[in-house]
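Student: Sequence and predicted structure, then a few things I'm wondering about:
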Amino acid sequence: MTTSRPPEDNYLPISFLNDFLFCERRAALHLLEGIWKDNQYTVEGAFAHRNVDVEGSRKRGDKRNVTGMWVVSHRMGLIGRCDRVEFVSSDSPEGVLVPYPVDFKRGKKRRWDNDEVQLCAQAMCLEEMLEVQVAKGAIFHIKSQHRQEVNFDLELRSKTEDAAVRLAELLAQGQTPLAKYHAKCRGCSLFEWCMPKSLRPRATAKRYLQSLIDE
């Protein structure tokens, strides 16, 4: 089974669906303006993925685990890499292998994460590529060693497709949205560059500088 990357280099990266739903401005800064900056969370995340980012295939009993597998959806214009896809024999007479995508995350889920959408997009890519139904997958939290199973129901699939359409529209418009400050901004690696507090309706230079001093 090959895991080589497909040639669709102009397709949208699946990982940016999560980025887009976290913050549209952040996604635009990354994709439109090419601005990147690491912080503690991004470095820890990259370190935690060091094993599953390597392409490989290993058989364990009736299960085959494939890591670093590239997937693509021509219908949604998405491309990305699955951390792990577990292929398990189905109950059908043909013994078809059913894919079960597993996405690895550094820490516990935060309330503004959209990990389920990212995982669902991987599943929908696998369905299109392999012409099979992918009903479930899982998010594996590395620190807690806890696996959270995700059902790919109609609501999640609709949210995933909507995010893909809206992200494509954002890039087609070519304009970075204005900053809006939220509590989640504090954990963003682009916080100091974005300066969301400085663009609030009642913001002034004096108030912004005072907020930096207070923090």
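Tutor: Arrived safely, thanks for sending. Numbering: from 1, shown residues only.

Student: In this protein, where is pLDDT below threshold?
Tutor: Applying pLDDT under 70 to the chain flags residues 1-9, 37-55, 91-95, 109-113, 198-215.

Student: I figured Glu86 was touching Asp62, is that so?
Tutor: No. With contact defined as CB atoms under 8 Å, Glu86 does not count as touching Asp62 (10.7 Å). Yep, even glycine has a C-beta here, placed from its N, CA and C like the rest.

Student: okay, these two: which has more neighbours?
Tutor: Glu86 (18 against 10; other CB atoms under 10 Å).

Student: How about Phe191, nearest residue that isn't a chain neighbour?
Tutor: Cys185 (5.6 Å; CB to CB, 6 or more residues apart in numbering).

Student: Just give the number of residues close to the one you found.
Tutor: With other CB under 10 Å as criterion, Cys185 counts 18.

Student: which residues sit in contact with it?
Tutor: Going by CB atoms under 8 Å, 6 or more residues apart in numbering, Cys185 touches Cys23, Phe191, Cys194, Pro196.

Student: Tell me the spacing between the second one and Thr176.
Tutor: To Thr176, Phe191 is 16 Å away according to CB to CB, to the nearest Å.

Student: Next: Phe22.
Tutor: With CB to CB as the criterion, Phe22 and Thr176 are 15 Å apart.

Student: repeat for Ser89
Tutor: Counting by CB to CB - Ser89 and Thr176 are separated by 48 Å.
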